[in-house]
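>>> Here's a sequence, model it:
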Amino acid sequence: MRISKILIVDDSPISRRMIKSSMPKESGYEFFEAGDGLQGLEMFQEVRPQVTFMDLTMPVMDGITSVQEIMKLDETASVVVLTADIQAKMIMDAYQAGAFLVLKKPPTKESIQDALNKVEERES
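Numbering: from 1, shown residues only. Here you go, the predicted model:
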């Protein structure tokens, strides 16, 4: 399945812009953005993206809780967690919440492309 809709959930507009700029240019992706975990959850319900990039540390609702809630809505959702906190416990918490992948912030074009490839492989 080809990815068409991507949701980026991060409280930093700069981080959201960086993630978008790391995407392949010719992809034709449709981007949706949210500034906290609760907005991300609501946007996920509305848009049903093929992949969601999720920050962990955000106001209103943190990324772990948002991932857990997304997984209740769709247990096959592909959520890629992006975090600067690369402690083993935080990474384990993200996977236990239902994250498909965990990437270190700031992401590189290569790590974003690799994540998108893995999501497409998983979906096919």
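
>>> Show me the shaky parts of the chain.
1 (pLDDT under 70).

>>> tell me the contacts of the residue nearest the centre of it?
With distances taken as CA atoms, centre = their mean, the residue of the chain nearest its centroid is residue 53 (1.4 Å). By CB atoms under 8 Å, 6 or more residues apart in numbering, the contact list for residue 53 reads 6-10, 19, 80, 82. No exception for glycine: its C-beta is placed from N, CA and C like everyone else's.

>>> Go again with 7 Å.
6, 8-9, 19, 80, 82 (CB atoms under 7 Å, 6 or more residues apart in numbering).

>>> Give the helix, strand or coil label for the residue sitting furthest away from the middle of the chain.
In the chain, counting by CA atoms, centre = their mean, residue 26 sits farthest out from the average C-alpha position, at 20.1 Å. Three-state assignment for residue 26 (DSSP: H, G, I helix; E, B strand; the rest coil): helix.

>>> Just give me how far the helix of greatest length in the chain sits from the chain centre.
With secondary structure taken from DSSP state H, the chain has its longest helix at helix 109-123. Here helix 109-123 is found 12 Å from its chain centre; the criterion is CA atoms, centre = their mean, to the nearest Å.

>>> just to revisit the earlier point, do you know how far the residue nearest to the centre of the chain is from residue 2?
17 Å (CB to CB, to the nearest Å).

>>> ok, now residue 42?
Residue 42 is 25 Å from residue 2, by CB to CB.

>>> Compare the two (neighbour count), which wins?
Ranked by neighbour count (other CB atoms under 10 Å), residue 42 and residue 2 place residue 42 first, with 15 against 10.

>>> Quick one: residues contacting the nearest residue to that one once chain neighbours are set aside.
In space, and not counting its chain neighbours, residue 42 is closest to residue 34: 7.5 Å by CB to CB, 6 or more residues apart in numbering. Neighbour list for residue 34: 7, 9, 40, 43 [criterion: CB under 7 Å, 6+ apart].
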